[in-house]
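Peer 1: here is a sequence together with a model predicted from it:
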Amino acid sequence: MKLNGKFAVRKIGTDFFAIPLGKNTTGGMIKLNDSGAFLFEKLISGSDEKALAELLAAEYGLDKNEAMTDVSEFIEKMRGAGVLD
């Protein structure tokens, strides 16, 4: 799993956005919720799916299976948005 380009996560007002930097193949900014912003930051750092689930479970006090389901859904949404290979 690899990001298509470089991104930064920024908070604008009360909303979080993944913002493409430089030349990217994505269509623009992506609005994220709190947990989405957390996961996207970890993607930028190079975390894989298993690590994302472990980090999410620890951060939000989730069961590991629930965290893995949430991470899988997040990754599919990011693939659909053209952010991930």
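Peer 2: On my side now, so go ahead. For clarity, every value in this text was computed on a predicted model and none was experimentally measured.

Peer 1: wait, D48 sits on K2?
Peer 2: No - here D48 does not reach K2: they are 10.2 Å apart, not a contact under C-beta atoms under 8 Å. Every C-beta, even on glycine, is put in place using the N, C-alpha and C of the backbone.

Peer 1: helices of the chain, residue ranges please.
Peer 2: For the chain, helices defined by DSSP state H occupy the ranges 34-44, 49-60, 64-80.

Peer 1: residues making contact with the first one?
Peer 2: With contacts defined as C-beta atoms under 8 Å, 6 or more residues apart in numbering, helix 34-44 is touched by 1, 3, 7-9, 11, 16, 18, 32, 51-52, 55-56, 59-60, 70-71, 74, 78, 84.

Peer 1: also the longest one?
Peer 2: Applying C-beta under 8 Å, 6+ apart, the set of residues contacting helix 64-80 from outside is 1, 30, 35-36, 39-40, 43, 49-50, 52-54, 56-57, 60, 62, 84-85.

Peer 1: what does the pLDDT read for the closest residue to F16 other than its chain neighbours?
Peer 2: Of all residues not flanking F16 in the chain, A37 sits nearest, at 3.7 Å (C-beta to C-beta, 6 or more residues apart in numbering). Model confidence at A37, given as pLDDT, is 96.
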